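# just coords:
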C-alpha cells in the first residue's frame, strides 16, 4: 500500500492512509474485541467529494441500504450501510466536513 499512515485529527483511534487524491483512503480502527470468526474486511468510506449525506444518497441509488444511522448517536457520526449482497460498510464524514 502506497502512502503514509497517520492518526486522524478528530478520531485518534483511527489510522488513515495518506494516498494520492485519485486513490482511496483506508482507515484502520483498533477494536477491543478478540476475533471470533474468519477474518473479514469492513470498509469505512470517507467521501472525497460532496458531503456524507450526498454520498449516502448516491450509494442508496446504487442499491445499498442503511442498516444503522449513527449520525446522531454517541459515539457516532457514521452511517452503517450494506451492499446488495449484505456486506456491511460505513460512510464517514467527508474530509471537507
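Looks like it arrived, so ask away. Being a predicted model, the structure only gives us computed values, none of them experimental.

# helix or strand for residue 54, which one?
Per DSSP states H and E: residue 54 is located in helix 52-61.

# got a list of contacts for that helix?
Helix 52-61 has contacts (CB atoms under 8 Å, 6 or more residues apart in numbering) with 45, 47, 50, 66, 71, 79, 81, 91-94, 97. C-beta: built from backbone N, CA, C; applies to glycine.

# okay, and which of those map to strands?
45, 66, 79, 81, 91 (DSSP state E).

# hmm, the second one is touching residue 80, no?
When you say that, I think you mean residue 66. Yes - assessed by CB atoms under 8 Å, residue 66 is found in contact with residue 80 at 7.4 Å.

# with neighbour numbers in mind, choose between these two.
Neighbours were counted for residue 66 and for residue 80 using other CB atoms under 10 Å; residue 80 has more, 16 against 13.

# for residue 88, see how far away that one is.
6 Å (CB to CB, to the nearest Å).

# repeat for residue 69
Taken as CB to CB, the span from residue 69 to residue 88 is 13 Å.

# how about low-confidence regions in the protein?
1-9, 11-30, 35-40 (pLDDT under 70).

# okay, and the common contacts of residue 80 and residue 88?
Common neighbours of residue 80 and residue 88 (CB under 8 Å, 6+ apart) are residue 67.

# how long is stretch 72-91 end to end?
End-to-end distance of stretch 72-91: 14 Å, with CA to CA, to the nearest Å as the criterion.

# any buried residues in it, and which?
Residues 77-82, 89-91 are the ones in stretch 72-91 that count as buried (16 or more other CB atoms under 10 Å).

# same thing with stretch 51-63?
Using 16+ other CB under 10 Å as the test for burial, stretch 51-63 gives 52, 55-56, 59.

# what would the residues you listed look like in TSV with distance to residue 10?
Formatted as TSV, these follow (distance: CB to CB, whole Å):
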residue	distance to residue 10
52	13
55	17
56	19
59	22
